[in-house]
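1. attaching a predicted model along with its sequence, questions to come.
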Amino acid sequence: MRLQIPLYIQDTIKAFIRSGHELHLVGGSVRDMLLGLPAKDWDFATSATPEEILKLFPDAFYDNNFGTVGIPIKNLPYSSLSAEERDLRVIPEEGETNKPQTQIVEVTTYRTEQTYTDRRHPESVSWGKTIDEDLMRRDFTVNAIAIEATSLESESPTIIDPYGGQEDLEKKIIRAVGNPAERFKEDALRLLRAVRFATQLGFGIDVKTLEAIISDSGLLAEISGERIRDELLKILASPYPYEGVMLLKNTGLLAYCLPELLEGIGVSQERPGRHHKDDVFTHNVLSLKYTPAADPIVRFAALIHDVGKPRVAAEDADGYVIFHNHELIGARMAYEIADRLRLSKKQRQKIVTLVRWHMFTVDEHITDSAVRRFIRRVGIDNVKDMMDLRIGDRLGGGTQTAESWRLKLFKKRVEEQLAPAPFSINDLAIDGNDIMQELNLPPSKKIGDILQTLFDEVDEDLSKNTKEYLLKRLHEMELAK
């Protein structure tokens, strides 16, 4: 096994070796390399203290209590970075690909951690003397493997694997280092990380580790919304999001991540003429499974799109459950969920919008103006995502085809309306200045109200969007008062 090491990483390694310090590649990069996957980051552990590292690299920075020093490697051509390294950056604007880039290499001093008081951070950290001490504190065996830095480019790199991580990689197992109960009580976020790694890698979880997760699931209540959010989005972005959510449910962790989802367990949706055969919970998770979108935020919306149903469930005259206005209640719940998990404003708005409008009509008789209203409601950027959610909703409800002929026709009509710039109030043949001049009015809210009234009329028949017609209607509206 010969590893491809970027030149700037080789230079960093040489600086440590010349100074007489030990250096090992650790963590996810080692795991991914052993799996034949490209390394997405370069994390090292060293015998050097943070102060010694700063002497080697004057531009480095150290602003934490855990021994991690960031070493900026500057003036790298964008073209010299690997595809994986480029993925970690914002895509440069046109013409900027030759601008110098900066890569951050993280190096952490060997550590031995002490008592954890908040289920997340060690109360104190002491510098260790060996790589074995450092690996002892890590979460899972597949993450507790190190490669001696000086051997990275050799045919047979020196691998330090005291806990059988390589064997677990071969068996496709996530197993805690040492006693799993102790590992989870040290850092409760590891409960979620176990599910995340299993989901990302397509692995199973070791029996004893799984039993400890179930036993200690309640510890997740002590973890912040931001931390839960990060792990949850990684699960949703993985190749197996459905399996990840079901694993969260079966371990008891979902009650601390998305308790609202569990309200749908046992809530029937069956009735004559309705394609749904499963309860609300099962439908939600199956919709996630079948939604074609890769964006974890769209997948999130698919997962909770019917979350409002249990709260509005009622029986009709025939004894069947109905869910009037569940999309309205669901949108409010989606807002609360996104707020609790500290999603960004943009992410929250997308999820709320998709949940709110997922019941859009695809009847072949709807007008062009109704199609345009749909586009305005969901937003141009969300149109494709809404279609993906509808596909997940259909397949997750037991329908065998991803798209009905009506949905295909509706998508075609949406595309036709999007072909030119979508019609908006700014496209009216007159504007606020015309109204003020014609009616001798000062700037006010009234001008906007008049424009909206004219827009609503023209939107039903775009042929009316002429200055002559709109000025005529303007005066007719004034006379009608």
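-> Cool, the structure landed. Just so you know, these numbers come straight off a predicted model, no measurement behind them.
2. least confident secondary structure element in this structure?
-> Across the helices and strands of the chain, the lowest-confidence element by mean pLDDT, DSSP states H and E is helix 83-87, at a mean of 48.
3. where in the chain is pLDDT low?
-> Low-confidence segments of the chain (pLDDT under 70): 1-4, 64-65, 75-101, 113-125, 272-276, 421-422, 481.
4. which segments of it make up each domain?
-> 7-164, 172-257, 274-418, 427-479 (automatic domain parsing).
5. how long is the longest one end to end?
-> Its start and end residues considered, domain 7-164 measures 31 Å (C-alpha to C-alpha, to the nearest Å).
6. stretch 24-42 now?
-> End-to-end for stretch 24-42, by C-alpha to C-alpha: 10 Å.
7. just to revisit the earlier point, buried deepest among the domains of the chain, which one?
-> domain 172-257 (a mean of 20; mean count of other C-beta atoms under 10 Å). Where you see a C-beta, it was placed from the backbone N, CA and C, and this is true even at glycine.
8. just how off-centre is that one within its chain?
-> 16 Å (C-alpha atoms, centre = their mean, to the nearest Å).
9. and L454, how far is that from N465?
-> Distance, L454 to N465, by C-beta to C-beta, to the nearest Å: 9 Å.
10. distance check, Y163 against A188.
-> On the measure of C-beta to C-beta, Y163 and A188 end up 21 Å apart.
11. what does Y469 give?
-> Y469 is 66 Å from A188, by C-beta to C-beta.
12. for R311, same thing?
-> Going from R311 to A188 by C-beta to C-beta gives 29 Å.
13. just E460 next, same as before
-> E460 is 57 Å from A188, by C-beta to C-beta.
14. what's the helix or strand harbouring A301 packed up against?
-> If you go by DSSP states H and E, A301 is part of helix 296-304. Judged by 3 or more C-beta pairs under 8 Å, 6 or more residues apart in numbering; DSSP states H and E, helix 296-304 is in contact with helix 225-237, helix 241-251, helix 259-262, helix 280-290, helix 326-340, helix 345-356, helix 383-396.
15. next SSE after that helix?
-> Counting by DSSP H and E, the next helix or strand C-terminal to helix 296-304 is helix 309-312.
16. restricting to C-alpha, output that next one in PDB.
-> Backbone C-alpha positions of helix 309-312 (Å, rounded to 0.1, in the frame of the first residue of the first chain) are rendered in PDB as follows:
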ATOM      1  CA  LYS A 309     -50.500  14.600  11.000                       C
ATOM      2  CA  PRO A 310     -50.700  13.000  14.500                       C
ATOM      3  CA  ARG A 311     -51.600  16.400  16.100                       C
ATOM      4  CA  VAL A 312     -54.600  17.000  13.800                       C
END
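17. so that it lines up with my notes, have the first residue be 574 from now on.
-> In the new count, where the first residue is 574, that last one comes out as helix 882-885.
18. give me the contact list for that helix.
-> Applying C-beta atoms under 8 Å, 6 or more residues apart in numbering, the contact partners of helix 882-885 are 836-837, 840, 842, 853, 896-899, 902-903, 906.
19. pull the contacting residues for the closest residue to T772 other than its chain neighbours.
-> Distances taken as C-beta to C-beta, 6 or more residues apart in numbering put G817 closest to T772, at 3.5 Å, once the chain neighbours are dropped. Contact analysis of G817 by C-beta under 8 Å, 6+ apart lists 768-769, 771-772, 808-809, 811.
20. now, which of those sits nearest R800?
-> Proximity of the contacts of G817 to R800 (C-beta to C-beta) peaks at R769, which lies at 11.5 Å.
21. which phi and psi values does that closest one adopt?
-> The phi and psi torsions at R769 (degrees, to the nearest 10) take the values phi -60, psi -50.
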